[in-house]
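*Asks:* sequence and predicted structure, then a few things I'm wondering about:
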Amino acid sequence: MNRHLLSAADLSRDDALLVLDTAAEMDVALAGRSIKKLPTLRGRTVVNLFFEDSTRTRTSFEVAAKRLSADVINFAAKGSSVSKGESLKDTALTLEAMGSDGVVIRHSASGAPHRLAHWIRGSVVNAGDGTHEHPTQALLDAYTIRRRTGRVEGLNIAIVGDVLHSRVARSNVLLLSTLGAEVTVVAPPTLLPVGVHSWPCAVSYDLDAVLPKSDAVMMLRVQHERMTGGFFPTVREYSRRYGLDAIRMASLPEDSIVMHPGPMNRGVEIAAEVADSVRSTIVEQVANGVSVRMAVLYLLLGGAMDGAAE
Ligand code: NCD
C-alpha cells in the first residue's frame, strides 16, 4: 500500500482486498470485546482536518481512530486561524509540528489532499475533496456489498443521479471496477461530467432500463450546494425520472440492495419507504464505515495487528 490514500485509483486489486479483509478482521476483533477498543495505534496521533461540513465521515474517522486507541485532534476550519487567512500549508505544518502521524482531510477544493501530501511527512487520507474523490466511502460501499451479497466481482452495480458533482461516484467507479464489478452510471446528460465515457463504466440515461439487471443500486444525493445553473427543470421532474420509489424498486432482482452514502434528500432521489426498506443498506454503510476506516488507519499508520489480541 502507498503511504497515503488520496484516490481509489491508488489501490490495486490486492490493496483493496487487503483493506476489506482487514476491516472484516477489525469487526471480528471487536465483536468479542465488551470495551470496543484495540490498543493497535496507541501513542499515534491522527488529525481530522475538516474544511467542509460533515456528519458521518468526520465522526466515523474519529470513532475509528479512537477504537484503535490513537489520540485524535479534531480541527474544524471555523474557529481556527483559517478564518484569519492562514493557508492550508501553514495550517498543516503547524499541526505536523505538534506531532501528527496521520492527517484525514476534507476540503472543498479538488486536489487539496494531494497538495497536502507533498508538504507533510505523515500519511494523508482523503475524506472527500470537492467533486473529485472520496476513497474511504468507496471502500465502505464495497465492504457493504460484499457483506450483503458475498462478492463484488461480476456484480452489476448502478450508480444513479448527480454524478457530475459526486466524489462518491468517481471513487466508486474506480474501486468497483478494480474489484471486477460491471458498473453503470445513470443520470440525465446534464449531470454527467465531460469525459465520463472514458471512465471504466457504462453510461445510461434510462434508469428503468438499468434497474432490472442491477444487483446493487447506489443512489446519489442531488448536490444543490454545488449547482450553479439549472441542471434539470424541476425537482419533481428529476425525481419522476431518476428517483427511486417503491414502484421502481419492485423492478429490481429479488436479492438486490439499495445504497445511499448519506445525507439523503428523502423524496427527491430516494423515497422514504425505499430508504427504510429491507433492501436498504444505508444504516449498515455507516456502521461499516467505522470498520473500513479502522482498517485504513491501521494499514497506513502501521499499527501492530498482534496488539489486537492484547
Ligand atoms: C458524501 C460526501 O460528502 O461526499 N457523503 C458522505 O461522505 N457520506 C456524499 C454527499 O455529500 O452527497
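*Replies:* The structure has been received and is ready for your questions.
*Asks:* which pLDDT value goes with the residue in the stretch 151-300 of the chain that the ligand sits nearest to?
*Replies:* Closest residue of the stretch 151-300 of the chain to the ligand, CB to the nearest ligand atom: R221 (3.4 Å). Every residue, glycine included, has its C-beta placed from N, CA and C. Per-residue pLDDT puts R221 at 97.
*Asks:* that one: what's it in contact with?
*Replies:* When contacts are counted by CB atoms under 8 Å, 6 or more residues apart in numbering, R221 touches G161, D162, S166, H260, P261, G262, P263, M264, N265, E269.
*Asks:* from the residues you listed, which land in strands?
*Replies:* The members of these all map outside strands under DSSP state E.
*Asks:* among those residues, who's most crowded?
*Replies:* The most crowded member of the contacts of R221, judged by other CB atoms under 10 Å, is G161 (30 neighbours).
*Asks:* doesn't N265 make contact with that residue?
*Replies:* No - counting by CB atoms under 8 Å, N265 is not a contact partner of G161; they are 9.8 Å apart.
*Asks:* what's the overlap in contacts for those two?
*Replies:* Shared contacts of G161 and N265, defined by CB under 8 Å, 6+ apart, are found at R221, V222.
*Asks:* contacts for the lowest-mean-pLDDT helix or strand in the chain, please.
*Replies:* Using mean pLDDT, DSSP states H and E, the weakest-scoring helix or strand in the chain turns out to be helix 88-97, at a mean of 86. With contact meaning CB under 8 Å, 6+ apart, helix 88-97 is reached by 47, 49, 73, 75, 80-82, 103, 107, 112, 115-116, 119-122.
*Asks:* figure out the helix or strand that S60 lives in.
*Replies:* helix 56-67 (DSSP states H and E).
*Asks:* buried sites along that helix?
*Replies:* R56, T57, R58, S60, F61, E62, V63, A64, A65, K66, R67 (16 or more other CB atoms under 10 Å).
*Asks:* give me the helices and strands touching that helix, please.
*Replies:* Contacts defined by 3 or more CB pairs under 8 Å, 6 or more residues apart in numbering; DSSP states H and E place helix 56-67 against strand 45-50, strand 71-76, strand 102-107, strand 123-129, helix 135-149, helix 282-301.
*Asks:* contact partners for the closest residue to V152 other than its chain neighbours?
*Replies:* In space, not counting the residues next to it along the chain, V152 is nearest to L179; the distance is 4.3 Å by CB to CB, 6 or more residues apart in numbering. By CB under 8 Å, 6+ apart, the contact set of L179 is R13, A16, L17, A142, V152, E153.
*Asks:* number of nearby residues for S204?
*Replies:* By other CB under 10 Å, 15 other residues sit near S204.
*Asks:* for A158, give me phi and psi.
*Replies:* phi -100, psi 130 (degrees, to the nearest 10).
*Asks:* against S108, how distant is the closest residue to L299 other than its chain neighbours?
*Replies:* Once flanking residues are discounted, L299 sits nearest to M1: 5.5 Å by CB to CB, 6+ apart. From M1 across to S108, the span is 27 Å (CB to CB, to the nearest Å).
*Asks:* not counting sequence-adjacent ones, nearest residue to the residue nearest the centre of the chain?
*Replies:* Centroid-nearest residue in the chain, with CA atoms, centre = their mean: Q137, separated by 1.2 Å. Spatial nearest neighbour of Q137, excluding adjacent residues (CB to CB, 6+ apart): V168 at 5.1 Å.
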